[in-house]
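A.B. asks: sequence first, predicted coordinates after that:
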Number of protein chains: 2
Amino acid sequence: VTVGLETALVAAVGSAHVTTDPDLRAGYEVDWMGRRWGTAVAVVRPGNVAEVAEVLLACAAQGAHVVVQGGNTGLSGGGVPGGGEVLLSTTRLSQVGVLDRAMGEVTVGAGASLADVRRVARAEGWDVGVDLASRDSATIGGMVATNAGGLRVLRHGTMKAQVRGVRAVLADGSVIDRLTGPSKDSSGYDLTSLLAGSEGTLAVITDVRLRLVPVLPLGATAILRFDTLGRASTLVRRLVGSLGSLQSAEVVLGEAMDLLCAELGRPLPLTDAAPVYLLLDCEAADDPTPELLAALAELDGLDAVVASDRTGRARLWEYRERQSEVAGARGTPVKLDVALPLPGLDNGLASISAAVRSLAPDSVLVVFGHLAEGNLHVNVVGADLPTEQLTAAVLGIVASAGGSISAEHGIGRAKVGWLPLTRSVADVAAMAALKGAWDPAGLLAPGVLFESQGTGLSGP
Amino acid sequence: VTVGLETALVAAVGSAHVTTDPDLRAGYEVDWMGRRWGTAVAVVRPGNVAEVAEVLLACAAQGAHVVVQGGNTGLSGGGVPGGGEVLLSTTRLSQVGVLDRAMGEVTVGAGASLADVRRVARAEGWDVGVDLASRDSATIGGMVATNAGGLRVLRHGTMKAQVRGVRAVLADGSVIDRLTGPSKDSSGYDLTSLLAGSEGTLAVITDVRLRLVPVLPLGATAILRFDTLGRASTLVRRLVGSLGSLQSAEVVLGEAMDLLCAELGRPLPLTDAAPVYLLLDCEAADDPTPELLAALAELDGLDAVVASDRTGRARLWEYRERQSEVAGARGTPVKLDVALPLPGLDNGLASISAAVRSLAPDSVLVVFGHLAEGNLHVNVVGADLPTEQLTAAVLGIVASAGGSISAEHGIGRAKVGWLPLTRSVADVAAMAALKGAWDPAGLLAPGVLFESQGTGLSGP
């Protein structure tokens, strides 16, 4: 880091909140999957919106790029440096405001963790609509910036649907404040929705106004077996319309379940092994167990396990929630996050499976995900994997089938080369024009979402 | 219109679809409220996305601005010319695609009317989530471009929530296509949400992929009386959380109800006059009447009328739906569309009422709206009204109270001067930068949402 830049950053946030020591920076430079794209010249932790603006202005003046990091739980590399950036950590922007009990809303700092906000909300009878396995580390700002999905999208939508408004700092230090005002306000462009999912390329989100959902104290969880994804998906489509308490419909394929049971030393969730396991989770103000059992009773040849107590439900959920951990235990998997049109699930999966067998015969294919949205997390586990070829094959199949190459993890650095599979030249150009309008010098997150231009600011 | 422009437009869409005769243009130049901002040099009706692109390229080449018009039911003047534009009518973009029964989705042309789409959807067991009184004329494209609200927002959200994706043509003739793909797709900026509510300033929407809602065949409607808006609003907040079949909570204030009953020669809906009337509407697969009656039975001193049959419900709905027509019967009212924070409804209304009495003592104040969102349509009815002063007073009160100066009608031309009341200089600049990125020459809808710059292209 240059002396001038370090001095400017210290002036912006104080010396206690600027880290340039490589050993202390290291934890910020490696992502959750153990991947490192490049080093940061400094880690800076602003404590409020004014300090964020000062940091951005200092970086612009000193010719330094900026990458924003929340809980560093991202899976596409959008929150770690590509090389030479100042890393702006939202750690200190962690305040949780006073909850509006009547409206079920609360304003929180971008750096507040999902778990912290949930704790505050639940104490007042409210909850955050989005839930995901990384809840203890994932920050609200990062979840908005990536438009996180997770385990309850079928009931409450993605993170975007939970956001009433944001405050954010643009590359020129100007502040957009959409935190207040009524829920219905048709006064110009929806900048909040534009920022949700923009992965730190357009602005630094500092605060988020969340729309909460009522907390539902009673639950029931079931795991069922199916022969095909299509049959499981047909059931889920029906239940989404008829089972009011349904909030999760998670799928785990047989090979993934076998690996998890072997790694963790557990029995299969059901007596017989199956090609497809479906976890259904219901929550409601009143016990949803009878409703869930009634829905299951209509199925022919039902083989299911159901739990309504906290311990039993947690035990069933582990078969799904520990999939990521197990898939990562043997090294960094090739990790893809795709969505397929529901009618094409079985064909798409068969093609993906064949391609993986062909390119990496000794690998284990760990597939799990959110079935209501056709969102499959495809993890190829093994040694010496041909990452590029596997990625090209799987994403090519998905794009040909009309699917999404990144259903909920974002494009980040990891998928930027594949974006043209599902976004036209005109579409990418239109997005780049928006980026250029707000960040003409390319200060924010170079190499994220768009190919690095090699123009604009140069890293020191 | 210049010969060169007319020739280019005819080349783009054929002579049958270019209108330059002033008499034939006139119907397009006056908005629903009878206001005329300026004339169009020509009306052009492209029949497909390629023709839309050709029209935009022709206008750019000939130095003509463009304003887009759907059903011409807008209330803020965003769909009529300011003077000298080519008016691009979406009339011929009216195709309704094949409905996906399983997913409840359909792709329709921007010029398809809400009523037409509803008819197709209902025949297949589906419905459009947004409903509004102008359903026979309002087009889906216009409803997306203005992010229309209407009568069922509390249940299904605004138009934005009904849109899975759009196809749109930018000012440079390039086409963005987000009509296909899975519902969950975190691959770059949410251009669909950016276009929803952009009022024709960013692009011309040609097609919309709609997410439908299940049709609910049985209904029940009630009108209740209250002493204050606050008490009515408290009930609505409670019912939104507990009465699953509730889809509308419409308010009509006493003075508005009196005027409607006098104009239409009807009795009041309830025996006694009241300061506040609340219309509750429920729809469900099973008859929601018992659920509605049970909720009403919990109220102290209840005075209500309830109807469950089609004729009776329609009769009650007329007390709300004909408010606009009655308010407009004595000339163009000063028409404001505001939202107030729910706890501030009574104070805000009292301030608005006092200001109107002071500025226009002989006027009638017609207030009705969507209570769940605190959205009040404030109509000042009378002769020789001081429009600017009334607007300034009412919108000033609303902005001071933390409300919205345009909750669902958009900014258009009518409110562009008032936008700084609730949007900061930085916010407006950020929006203008986005506009400049996609439409650097200011081709589309000059004077809508932003003050006319007097730069860029000049009208012929």
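C.D. replies: Perfect, I can see it now.
A.B. asks: for the stretch 151-300 of chain A, give me the ranges with low pLDDT.
C.D. replies: Scanning the stretch 151-300 of chain A for pLDDT under 70 picks out no residues.
A.B. asks: and stretch A:450-460, what's its mean pLDDT?
C.D. replies: On average, the pLDDT along stretch A:450-460 is 56.
A.B. asks: in contact with the residue most central in space within chain A, which residues?
C.D. replies: Centroid check for chain A by C-alpha atoms, centre = their mean gives A:A148 as the closest residue, at 3.8 Å. Applying C-beta atoms under 8 Å, 6 or more residues apart in numbering or on different chains to A:A148 gives the contacts A:V130, A:L132, A:A138, A:G142, A:T158, A:M159, A:E408. From N, CA and C alone the C-beta is placed, and that goes for glycine too.
A.B. asks: what residues of the strand or helix carrying A:V394 count as buried?
C.D. replies: Assigned by DSSP states H and E, A:V394 belongs to helix A:387-400. For helix A:387-400, the neighbour count (16 or more other C-beta atoms under 10 Å in any protein chain shown) marks A:L390, A:T391, A:A392, A:A393, A:V394, A:L395, A:I397, A:V398, A:A399 as buried.
A.B. asks: what about the residue in the stretch 1-150 of chain A that chain B sits nearest to, distance to A:R310?
C.D. replies: Nearest residue of the stretch 1-150 of chain A to chain B: A:N147, at 5.3 Å (C-beta to the nearest C-beta). To A:R310, A:N147 is 30 Å away according to C-beta to C-beta, to the nearest Å.
A.B. asks: surely A:R313 and A:I223 touch.
C.D. replies: No: with contact defined as C-beta atoms under 8 Å, A:R313 does not reach A:I223; the gap is 10.6 Å.
A.B. asks: ok, those two, which is more surrounded?
C.D. replies: A:I223 (25 against 19; other C-beta atoms under 10 Å in any protein chain shown).
A.B. asks: okay, now A:A16: neighbour count?
C.D. replies: Neighbours of A:A16 using other C-beta under 10 Å come to 8.
A.B. asks: state the pLDDT value of it.
C.D. replies: A:A16 is given a pLDDT of 98.
A.B. asks: picking up where we left off before, what's the pLDDT at the residue of the stretch 1-150 of chain A closest to chain B?
C.D. replies: Looking at A:N147, its pLDDT reads 97.
A.B. asks: what about the residue nearest to it when sequence neighbours are not counted, how many residues nearby?
C.D. replies: Leaving aside its sequence neighbours, A:N147 sits nearest to A:G197 (C-beta to C-beta, 6 or more residues apart in numbering or on different chains; 3.6 Å). Using other C-beta under 10 Å, the number of residues around A:G197 comes to 26.
A.B. asks: got the CA positions of stretch A:437-444 in PDB?
C.D. replies: This file holds the C-alpha atoms of stretch A:437-444, laid out as PDB (Å, rounded to 0.1, in the frame of the first residue of the first chain):
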ATOM      1  CA  ALA A 437     -23.100   5.600 -15.100                       C
ATOM      2  CA  TRP A 438     -22.500   5.300 -11.300                       C
ATOM      3  CA  ASP A 439     -18.900   4.200 -11.300                       C
ATOM      4  CA  PRO A 440     -17.300   5.600 -14.400                       C
ATOM      5  CA  ALA A 441     -13.800   5.000 -13.200                       C
ATOM      6  CA  GLY A 442     -14.500   1.400 -12.300                       C
ATOM      7  CA  LEU A 443     -13.600   1.900  -8.600                       C
ATOM      8  CA  LEU A 444     -15.900  -0.800  -7.200                       C
END
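A.B. asks: quick check: mean pLDDT across it?
C.D. replies: pLDDT averaged over stretch A:437-444 gives 97.
A.B. asks: next, the residue nearest to A:F450 when sequence neighbours are not counted: phi, psi?
C.D. replies: Once flanking residues are discounted, A:F450 sits nearest to A:A432: 5.7 Å by C-beta to C-beta, 6+ apart. A:A432 adopts backbone torsions of phi -60, psi -30, taken as degrees, to the nearest 10.
A.B. asks: from A:R413, how far off is A:A432?
C.D. replies: Distance from A:A432 to A:R413, by C-beta to C-beta: 16 Å.
A.B. asks: who has more neighbours, these two?
C.D. replies: Ranked by neighbour count (other C-beta under 10 Å), A:A432 and A:R413 place A:R413 first, with 27 against 18.
A.B. asks: residue contacts, the nearest residue to the more buried one once chain neighbours are set aside?
C.D. replies: In space, and not counting its chain neighbours, A:R413 is closest to A:G77: 3.7 Å by C-beta to C-beta, 6+ apart. Counting by C-beta under 8 Å, 6+ apart, A:G77 touches A:D31, A:R35, A:W37, A:G412, A:R413, A:A414, A:V448.
A.B. asks: can you report how many residues lie near the last one?
C.D. replies: Just to be clear, that refers to A:V448. 27.
A.B. asks: so what's it closest to, chain neighbours aside?
C.D. replies: A:G78 (4.8 Å).
A.B. asks: can you show me the strands along the stretch 151-300 of chain A?
C.D. replies: Applying DSSP state E, counting those that start in this stretch to the stretch 151-300 of chain A gives strands spanning A:163-169, A:175-177, A:204-211, A:213-214, A:218-226, A:246-253, A:276-284.
A.B. asks: can you list contacts of stretch A:435-443?
C.D. replies: Contacts of stretch A:435-443 (C-beta under 8 Å, 6+ apart): A:56, A:59-60, A:65-66, A:170-171, A:201-203, A:449-450, A:453, A:455-457, B:430, B:433-434, B:436-437.
A.B. asks: which of these are buried, as a PyMOL select command?
C.D. replies: What follows is the PyMOL syntax for the buried subset of the contacts of stretch A:435-443, where burial is set by 16+ other C-beta under 10 Å:
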select buried, (chain A and resi 56+59+60+65+66+170+171+201+202+203+449+450+457) or (chain B and resi 430+433+434+436+437)
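A.B. asks: now intersect the contacts of stretch A:435-443 with the strands, please.
C.D. replies: Members of these lying in strands (criterion: DSSP state E): A:V66.
A.B. asks: now the contacts of A:G77 in JSON lines, with secondary structure?
C.D. replies: Converted to JSON lines, those look like this (DSSP: H, G, I helix; E, B strand; the rest coil):
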{"residue": "A:D31", "secondary structure": "coil"}
{"residue": "A:R35", "secondary structure": "coil"}
{"residue": "A:W37", "secondary structure": "coil"}
{"residue": "A:G412", "secondary structure": "coil"}
{"residue": "A:R413", "secondary structure": "coil"}
{"residue": "A:A414", "secondary structure": "coil"}
{"residue": "A:V448", "secondary structure": "coil"}
